[in-house]
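**Q** Starting from these lines, generate the structure:
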Amino acid sequence: MVSWPPMPEPAERPPRAFALAPVLAALLEVVGPGRIAVAALLVAPAAGCQGEVRATLVALQGCGLDGAELSSLELVARGDFPSDDATRADHGLVRLPDLPEDVVAITVEGKFGDLTEAVGRTARLDVEGDIPVYFAPADELCSFPSGIENREVGAMGIGPEGDVLLVGGRDGDGRLLDDVIRTRDVEDVVSEIPGGLSVAVTGLVLAPLAERRFVTIGGARSDGTVLDTWVPIDLAAPDPIGPPTRIRVDGLDDAARTYHAIVGLPDGRSLVTGGCRMLDLDARCIASPTHVVGSAFLVDPTTDPPSFVRAPAHLVARFDHTLLVARDGVVFAVGGRGANDRGVITIERWRPGANRWESYGPTAELDLAPDEWIVGATLLEGGLVVVATSAGGIGWVSETAADRWWQPGDATFTWCDGDPTTAGCFHDESLDPPPPPVQRRRLLALPDERVLADAFLLPIGHVGQGPVHAVDLTLPTLSQAAPPDPRVGAALGLLADGTVLFAGGRNPDTLDPVAVFLLRFRPDLQGPDERIPNIADLRAGSFVAHDPATLVMPTPTEAQGVDRVFFQDEQLQLNSMGDEADIPEVWAHVRSFRSASFRFDVTIEMPVGGRPHLILSHGAVARTSIRFGDRIEGVQRAADGSESPFTCSLGGLLFDKPQALRFDVTPEKIVIKAAGDAIASCPGVGDMPSALGLGVSGPGVLRASRMQLTRI
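**A** Here you go, the predicted model:
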């Protein structure tokens, strides 16, 4: 245990200086129910302001850390700038160096010797007084005491100030609820808002507005009535829950719907699509062409009250589906059930400003059985859609390809580790009789681009990793002998500090409600502005392939299956058998790295045909591709699909022997160097952080080695 002397009076410090001050008594001493003091952080105001604001980092206890012993803390300022070495705090007054104005968070690692025992990240820095940090062992799923009985959550929403609302749903006996449960990402207190909703509802959606305001939309009552109303919830008001008001959308005869979907867009609006208008006595959808709708509308929170504007309707009407949004504003509609009550296996994409949805990806290549459908989805950088199927499979869909995610050489498509008898899998074929089918799976892409699938961690598309690397978070670990019970179907919410809140769920074998209602998951610190992935030694998982399928390539004696993107002979290799293109189909990006300014060193060799590409991805569609051939040229594609070609150099570059290149990427320009000399200058992409990738078009194999990545 570590203790410090009393804190001295702070000396005068420059603007934007952060200081770590000692806590009185021991590190991790319990200072209140569920709270453990970590350190004090002194925040000096920006230039021109007077005085100094002192804020104290206070840890929200995760996984029983009140009994832990730590020898030191390491604190690092995070943002899109070069990170200095961590400031180590083991005694006395420790100060962080001056920080850029665009610092977005402070990460904290608790050490015992050289071992990291727990990690945390601030959710926001614009507060005075205590700055709570959820501090827990990395990659562990922990119970979050709530006192709330388990239920099926009707809707879950997370506001811009970290407020979390759970509204409506069903109790363990299937009865509809009118409860409104609240907590925050920087609190460990869970409570119900007195009075709740005016009626018990399920199948509703919840949209965060501004500050601490929300609005519920639609849903259904226990008598089967489908609602066409919205209900305001203002957590700063004395009476938070307002009266229901009818939704009116020009061009829509009826806005009533339940089991619809919602997603927040980058411009602050929310998109609502699909749903059902007729229910049975159990408040389940009666599917028919009349009752299942494909219409959509946008919710604008900048008006008071919020306004509703018609949006393009789906190509295929659906309910109980998933909406996903990329950071360039492109939206995907995945799964759900259609007017014939069968699962919808098509995926639709809506680009910003478009007047219609369009089909996305060859989902027929998922090879779903007649009684198998998509029951959950999430989205990775570059438009890689990850889907869960009702039969226990995990698949992926890109713009040009689709396949199951499975271990090469395995005869089974179950995702967990290639063994269908593994306990806790989505689908355990050893059970007799098998459990009833699960209608929904919850998938969530983490900041480090791993996929959280219910209570499993999956490295979908990670080069050098496969289903055998899946991690069951409900299995005991050295630090957690009794983790939470397995669960499927829990509502998942990604909080501002990178942690995930689980709400509800059912046992994967019996589908009975689980005992502990709330869980919180603390991923390792590998997000976009945290640790730069190590690509110098081709570490497994450092790249994400956008076409993880296996190619069948002929050899002199037989056909041989090879991955499109893989590691071999200390090289990253990309195989292409297609035509030359401005933007390649075969490419891979550095996992969980994004920056507006960085330097990338790489040695590329492509002895036979094909063209190497440098790819800067900005979401699902928006990206910049620089192609090497007879000249160095490229194209910038916007989120709406429009393209702007450019030329960097009229001189070409051959790769029949290894070429060592350096790319200096800034918002203004991209400078390409070979042998220390600048050979080309391409237009920059502005302040939008880019995900760095390599691609290949035309027939051939690209080999990349000696890679190094740094922020500048």
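
**Q** How is the chain divided into domains?
**A** 3-137, 361-472, 543-711 (automatic domain parsing).

**Q** Spell out for me which residue occupies the centre of this protein.
**A** Nearest to the mean C-alpha position of the chain, by Cα atoms, centre = their mean, lies residue 445 at 3.3 Å.

**Q** could you say which helix or strand contains the nearest residue to that one once chain neighbours are set aside?
**A** Nearest non-adjacent residue to residue 445, counting by Cβ to Cβ, 6 or more residues apart in numbering: residue 378, 4.5 Å away. Using the backbone N, CA and C atoms, a C-beta is placed for each residue, glycine as well. Per DSSP states H and E: residue 378 is located in strand 374-380.

**Q** any idea how far residue 544 is from the residue nearest to the centre of the chain?
**A** 11 Å (Cβ to Cβ, to the nearest Å).

**Q** Quickly list what's touching both of these two.
**A** Common contacts of residue 445 and residue 544, defined by Cβ atoms under 8 Å, 6 or more residues apart in numbering, comprise residue 380.

**Q** now the domains of the chain in CSV, with distance to residue 231 and mean pLDDT?
**A** Converted to CSV, these look like this (distance: least, Cβ to Cβ, whole Å; pLDDT from 0 to 100):
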stretch, distance to residue 231, mean pLDDT
domain 3-137, 27, 63
domain 361-472, 24, 77
domain 543-711, 32, 90
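
**Q** wait, which of these is closest to residue 195?
**A** domain 3-137 (26.4 Å; Cβ to Cβ).

**Q** if we can go back for a sec, which one, of the domains of the chain, ends up nearest to residue 146?
**A** domain 3-137 (11.5 Å).

**Q** what are the ranges of the helices in this structure?
**A** Counting by DSSP state H, no segments of the chain form helices.

**Q** burial of residue 237, as a residue count?
**A** 12 (other Cβ atoms under 10 Å).

**Q** next one: residue 100
**A** 12.

**Q** which ones are touching the nearest residue to it once chain neighbours are set aside?
**A** Spatially, and ignoring its direct neighbours in sequence, residue 100 is nearest to residue 81 (5.1 Å; Cβ to Cβ, 6+ apart). The contact partners of residue 81, by Cβ under 8 Å, 6+ apart, come to 100, 102, 103, 711.

**Q** Residue 328 is nearest to which of the domains of the chain?
**A** With Cβ to Cβ as the yardstick, what comes closest out of those is domain 543-711 (2.7 Å).

**Q** if we can go back for a sec, which elements pack onto the strand holding residue 378?
**A** strand 322-325, strand 331-334, strand 384-389, strand 443-445, strand 451-453 (3 or more Cβ pairs under 8 Å, 6 or more residues apart in numbering; DSSP states H and E).

**Q** all strands for the stretch 251-400 of the chain, in order.
**A** With DSSP state E, counting those that start in this stretch as the criterion, the stretch 251-400 of the chain has strands at 261-264, 270-273, 296-300, 307-311, 322-325, 331-334, 347-350, 358-359, 374-380, 384-389, 394-397.

**Q** got the CA coordinates for the first one in PDB?
**A** Meaning strand 261-264. C-alpha atoms of strand 261-264 as PDB (Å, rounded to 0.1, in the frame of the first residue of the first chain):
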ATOM      1  CA  ALA A 261     -35.400   1.100 -34.300                       C
ATOM      2  CA  ILE A 262     -33.600   4.300 -33.700                       C
ATOM      3  CA  VAL A 263     -30.000   5.600 -34.100                       C
ATOM      4  CA  GLY A 264     -28.300   9.000 -33.400                       C
END
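
**Q** State the paired neighbours of it in the sheet, together with their directions.
**A** strand 270-273 (antiparallel) (DSSP bridges).

**Q** what does the average pLDDT come to for the partner strand?
**A** Strand 270-273 shows a mean pLDDT of 96.

**Q** Would you convert the strands of the stretch 251-400 of the chain into a markdown table that also reports distance to residue 110?
**A** Below are the strands of the stretch 251-400 of the chain laid out as a markdown table (distance: least, Cβ to Cβ, whole Å):
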| stretch | distance to residue 110 |
| --- | --- |
| strand 261-264 | 33 |
| strand 270-273 | 38 |
| strand 296-300 | 41 |
| strand 307-311 | 47 |
| strand 322-325 | 34 |
| strand 331-334 | 38 |
| strand 347-350 | 42 |
| strand 358-359 | 48 |
| strand 374-380 | 30 |
| strand 384-389 | 32 |
| strand 394-397 | 33 |
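
**Q** about what we covered before: mind checking the helices and strands packed on strand 374-380 for the one nearest to residue 312?
**A** Between the helices and strands packed on strand 374-380, strand 331-334 lies closest to residue 312; by Cβ to Cβ that is 10.2 Å.

**Q** Which neighbours in the sheet does the closest one have, and how are they oriented?
**A** Partners of strand 331-334 in its sheet, by DSSP bridges: strand 322-325 (antiparallel), strand 347-350 (antiparallel).

**Q** quick one: which of the strands of the stretch 251-400 of the chain is nearest residue 690?
**A** Comparing these by Cβ to Cβ, strand 374-380 comes nearest, at 15.4 Å.

**Q** Would you mind giving the orientation angle of the closest one with respect to strand 384-389?
**A** Put simply, strand 374-380 runs at 160 degrees to strand 384-389, going by axes from the mean of the first three to the mean of the last three Cα atoms, to 10 degrees.

**Q** isn't residue 264 right up against residue 298?
**A** No - counting by Cβ atoms under 8 Å, residue 264 sits too far from residue 298 to count as a contact (10.9 Å).

**Q** buried ones in the longest strand out of those in the chain?
**A** In the chain, taking DSSP state E as the definition, the longest strand is strand 700-711. By neighbour count on 16 or more other Cβ atoms under 10 Å, the buried set for strand 700-711 is 700, 701, 702, 703, 704, 705, 707, 709, 711.

**Q** which helices and strands does it pack with?
**A** Packed next to strand 700-711, using 3+ Cβ pairs under 8 Å, 6+ apart, are strand 571-576, strand 598-605, strand 691-697.

**Q** highest average neighbour count across those strands?
**A** strand 691-697 (a mean of 26; mean count of other Cβ atoms under 10 Å).

**Q** from the chain's centre, how far out does that strand sit?
**A** Distance, stretch centre to chain centre, for strand 691-697: 21 Å (Cα atoms, centre = their mean, to the nearest Å).

**Q** Tabulate the contacts of residue 81 (JSON lines), appending distance to residue 639.
**A** JSON lines is the format used below for the contacts of residue 81 (distance: Cβ to Cβ, whole Å):
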{"residue": "100", "distance to residue 639": "28"}
{"residue": "102", "distance to residue 639": "24"}
{"residue": "103", "distance to residue 639": "28"}
{"residue": "711", "distance to residue 639": "25"}
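
**Q** and the longest strand of the chain, which strands flank it?
**A** Strand 700-711 is paired, per DSSP bridges, with strand 571-576 (antiparallel), strand 598-605 (antiparallel).

**Q** Report the beta-bridge partners for the nearest residue to residue 153 once chain neighbours are set aside.
**A** Once flanking residues are discounted, residue 153 sits nearest to residue 491: 4.2 Å by Cβ to Cβ, 6+ apart. Residue 491 has these beta-bridge partners by DSSP bridges: residue 503.

**Q** and residue 491, what does it touch?
**A** 153, 156, 166, 442, 502, 503, 504.

**Q** Now do it against residue 284, distance only.
**A** Taking Cβ to Cβ, one finds residue 491 at 19 Å from residue 284.

**Q** Residue 654 too?
**A** With Cβ to Cβ as the criterion, residue 654 and residue 284 are 63 Å apart.

**Q** Would you mind telling me which of those two has more residues around it?
**A** Ranked by neighbour count (other Cβ under 10 Å), residue 654 and residue 284 place residue 284 first, with 17 against 11.

**Q** Dump stretch 505-520 to CSV, keeping only the CA atoms.
**A** Coordinates of each C-alpha in stretch 505-520 appear next as CSV, following Å, rounded to 0.1, in the frame of the first residue of the first chain:
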residue,chain,number,x,y,z
GLY,A,505,-30.5,-10.6,-20.2
ARG,A,506,-31.4,-14.3,-20.0
ASN,A,507,-29.5,-17.5,-19.3
PRO,A,508,-28.3,-18.8,-22.7
ASP,A,509,-29.4,-22.4,-22.0
THR,A,510,-32.7,-22.0,-20.2
LEU,A,511,-33.6,-18.4,-21.3
ASP,A,512,-34.7,-17.7,-17.7
PRO,A,513,-33.9,-14.1,-16.5
VAL,A,514,-30.5,-13.8,-14.9
ALA,A,515,-30.2,-12.8,-11.3
VAL,A,516,-28.0,-9.7,-11.5
PHE,A,517,-29.6,-6.9,-13.5
LEU,A,518,-26.7,-4.5,-14.2
LEU,A,519,-23.1,-5.3,-15.2
ARG,A,520,-20.3,-3.1,-16.3
